[in-house]
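Enquirer: Predicted coordinates and the sequence they were generated for:
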Amino acid sequence: MATLEIHDLHVSVDAEGGPREILRGVDLTVKQGETHAIMGPNGSGKSTLAYSLAGHPKYTITGGTVTLDGEDVLEMSVDERARAGVFLAMQYPVEVPGVSVSNFLRTSATAIRGEAPKLRTWVKEVKESMARLHMDPSFAERNVNEGFSGGEKKRHEILQLELLKPKIAILDETDSGLDVDALRIVSEGVNRVRDTGEVGTLLITHYTRILRYIKPDFVHVFANGRIAESGGAELADKLEEEGYEAYTTGGVTA
Amino acid sequence: MADNTPAGSTTDGAIQVGGAKQPIDARVSAPASYDVADFPVPHGREEEWRFTPLERLRGLHDGTAVADGAGVKVEVTAPEGVTVETVGRDDARLGKAGKPVDRVAAQAYSSFEKASVVSIPKNTVLTEPVRIAVHGEGGVAYGHQVVEIGAFSEAIVVIDHTGDATLAANVEYLLGDGAKLTVVSVQDWDDSAVHAAQHTALVGRDARFKSVIVTFGGDLVRLHPRVVYGAPGGEAELYGLYFTDNGQHQEHRLFVDHDTPHCRSNVVFKGALQGKDAHAVWIGDVLIRAAAEGTDTYELNRNLVLTDGARVDSVPNLEIETGEIVGAGHASATGRFDDEQLFYLMARGIPADEARRLVVRGFFAELVQQIGIPELEERLIAKIEAELEASVA
């Protein structure tokens, strides 16, 4: 069973006046089949965790370890991490001029699977996934994220999640900017992938809204660059009522 | 992609309708002429020279570059039925498409000794292309070429520029009524070459001219593709593809002169830039004169900047003197492939070099398909990949 283990992770970014520490010792274990919600106020380091796990060059790891089934993730390049089974659904997916969605998906699937998917089954696979996410077939011919609405970008991210079948899926604020219909469609997509039992999910969110659709097994509150409190789904209910105030005023220390 | 424009690029443009203050043909420092003496030596601030590094023209612009007999070797390979001649300056077929529009083109016109004339008779459909190999031998040369195609004939002409040279030239295409001429000009020079040329097509009644300009090499390449119509019903398609590397200056200055009714033009130029001080310039001037009723024109320039340090100047200009037209439009956009895009593709398992290839290939794919010459398509794709390999390495 695939397991992502994060141990005492410290991460900095370059800022004016030298490096600034954002993650200050994160410990978290995510197993295949589990869903962990990471919740926290703006600036608590949630997205930094997501991007650090995917290997974004902006973030410098200053301490700690991340392993996937014992393999050192931090030693891997960005594409190696993806091929090892780490997937990051981004909050702000970027436009890639000149590359069509269909070309992008096929190139990506070829890289992840280690061989080009058979054309006939592939076309069917993509078509069915797109239909389930209520995406028009013409979508495949557009350039990646170019001119996409916020909802289209997120559906495109979840389409990739369905097609690439990662071991660990990190969803960075996938709910932000979505109206209720889009949120439902996107959540259903995530749930289809979760229902396979093959993926460990790290659901990063500011709001509890998405947790009505995607039920987490664990909820972690992120504050000041580390996990301040962990619990079950009931912790989200508490946050819904009380907000993050208790964590931001320095009332909770590790 | 408007918010994606790299620093150091300009994507300007103007559409002027009626009574323009600065008409396209008044923005040059001297009227077109065959005689170099009619043009002042440019100092670099003139509208038509402001993007060009004059010091890298090796004297083509100021009279100091003297032909040394070791400039270029021209070889023409033509299928049966095509006449290939080398003629003197007084041949009546020279200079018919139009006058030189800048000092370098006029210098070439004033300085060449022999011209080559390729004639395709009327009612002839060539099944094989005419190939003109222009190979630089390291020296200075002034050239002149004419390709004339008779009424209702069809031909493809491929002009290949290779090697190293300092070359200024005029190339004329004369299309008879109903003729179809496709010309592919490939600038595959060594990185030391300097090449300035004016390509002028005179398009006859109902004739179809297709030009494909491919610029990969050279230290400095500055081309003036121009189209004029001799009679109504003509059509011109101008396609261009350039890949500007480290230190290269590649400049394409188009002019389509719609002075005749019911003619069409379509311009698509795409360029990729990579490396320090790579500089691409695209000027797209289209003039629809008062007499040119029923004109249909569109021009497009797209640039893809792959690394920091490259610069694009893209300036489309459309000037319309009659409202009785079918359509007129232009578009220009410069986008960049940056670290965030690279991260996004790599985060989907795609290795860095493949990600870059994917983007560049995708960017050019549509244009390459439009060219519609399978043999050339493969060559272009292979060349683009080679450029990428060389620059990444």
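Expert: Perfect, thanks for sending it.
Enquirer: which residues touch the one residue in chain B that gets nearest to chain A?
Expert: Going by CB to the nearest CB, chain A is nearest to B:F363 of chain B, at 3.3 Å. The C-beta positions use only the backbone N, C-alpha and C, and glycine is treated the same way. By CB atoms under 8 Å, 6 or more residues apart in numbering or on different chains, the contact set of B:F363 is A:97-98, B:270, B:272, B:302, B:304.
Enquirer: give me the element B:R93 is part of.
Expert: Remark: B:R93 resides in no helix or strand, with elements defined by DSSP states H and E.
Enquirer: One more: A:K127?
Expert: helix A:119-132.
Enquirer: What's the first helix or strand after the longest strand anywhere in chain B?
Expert: If you go by DSSP state E, chain B has its longest strand at strand B:154-175. Using DSSP H and E, the helix or strand that follows strand B:154-175 in sequence is strand B:180-187.
Enquirer: could you say what helices and strands that following strand packs with?
Expert: For strand B:180-187, the elements it packs on are strand B:130-149, strand B:154-175, strand B:194-203, strand B:208-215, strand B:220-229, judged by 3 or more CB pairs under 8 Å, 6 or more residues apart in numbering or on different chains; DSSP states H and E.
Enquirer: before we move on, back to that, now for the next helix or strand after the helix holding A:K127, which elements pack on it?
Expert: Using DSSP H and E, the helix or strand that follows helix A:119-132 in sequence is helix A:150-164. The helices and strands touching helix A:150-164, judged by 3+ CB pairs under 8 Å, 6+ apart, are strand A:86-89, helix A:101-113, helix A:119-132, helix A:180-195.
Enquirer: can we see that at 10 Å?
Expert: Where contact means 3 or more CB pairs under 10 Å, 6 or more residues apart in numbering or on different chains; DSSP states H and E, helix A:150-164 is packed against strand A:86-89, helix A:101-113, helix A:119-132, strand A:168-172, helix A:180-195.
Enquirer: A:A54 and B:F343 touch, don't they?
Expert: Yes - A:A54 is in contact with B:F343 according to CB atoms under 10 Å; the separation is 8.0 Å.
Enquirer: what's the overlap in contacts for those two?
Expert: Contact criterion CB atoms under 10 Å, 6 or more residues apart in numbering or on different chains; residues shared by A:A54 and B:F343: A:78, A:88, A:90.
Enquirer: which secondary structure element contains the residue of chain B closest to chain A?
Expert: helix B:352-371.
Enquirer: per-residue pLDDT, B:A2?
Expert: For B:A2, the pLDDT comes out at 37.
Enquirer: Let me know the secondary structure of whichever residue of the stretch 51-200 of chain A sits closest to chain B.
Expert: The nearest approach of the stretch 51-200 of chain A to chain B comes at A:G98, 3.3 Å away (CB to the nearest CB). Put simply, A:G98 is coil when judged by DSSP: H, G, I helix; E, B strand; the rest coil.
Enquirer: Correct me if wrong: it contacts B:V305.
Expert: No - in this structure A:G98 lies outside contact range of B:V305 using CB under 10 Å: 12.0 Å.
Enquirer: Give me the more crowded residue out of the two.
Expert: B:V305 (27 against 23; other CB atoms under 10 Å in any protein chain shown).
Enquirer: Quick check: closest non-adjacent residue to that one.
Expert: Closest residue to B:V305 apart from its sequence neighbours, by CB to CB, 6 or more residues apart in numbering or on different chains: B:R336 at 4.2 Å.
Enquirer: ok, so what distance separates that neighbour from A:E95?
Expert: Separation of B:R336 from A:E95 (CB to CB, to the nearest Å): 10 Å.
Enquirer: For chain B, which segments count as helices?
Expert: Assigned by DSSP state H, chain B shows helices spanning B:103-111, B:339-346, B:352-371, B:374-392.
Enquirer: can the second one be found next to chain A?
Expert: Yes - shown here: helix B:339-346 in contact with chain A (CB under 10 Å from any CB of the partner chain) through B:339-346.
Enquirer: Restricting to C-alpha, output stretch B:127-147 in CSV.
Expert: This file holds the C-alpha atoms of stretch B:127-147, laid out as CSV (Å, rounded to 0.1, in the frame of the first residue of the first chain):
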residue,chain,number,x,y,z
THR,B,127,5.4,18.1,-61.1
GLU,B,128,8.8,18.7,-59.6
PRO,B,129,10.0,21.9,-57.8
VAL,B,130,12.6,24.2,-59.3
ARG,B,131,15.5,24.4,-56.8
ILE,B,132,17.7,27.4,-56.4
ALA,B,133,20.7,26.8,-54.2
VAL,B,134,22.4,29.9,-53.0
HIS,B,135,25.5,28.9,-51.1
GLY,B,136,27.6,31.5,-49.3
GLU,B,137,31.4,31.3,-49.9
GLY,B,138,32.3,33.8,-47.2
GLY,B,139,32.5,37.0,-49.3
VAL,B,140,30.4,40.0,-50.3
ALA,B,141,27.8,39.6,-53.1
TYR,B,142,24.9,41.5,-54.7
GLY,B,143,22.3,39.3,-56.3
HIS,B,144,19.3,39.5,-58.6
GLN,B,145,16.9,36.8,-59.4
VAL,B,146,13.7,36.7,-61.4
VAL,B,147,11.1,33.9,-61.5
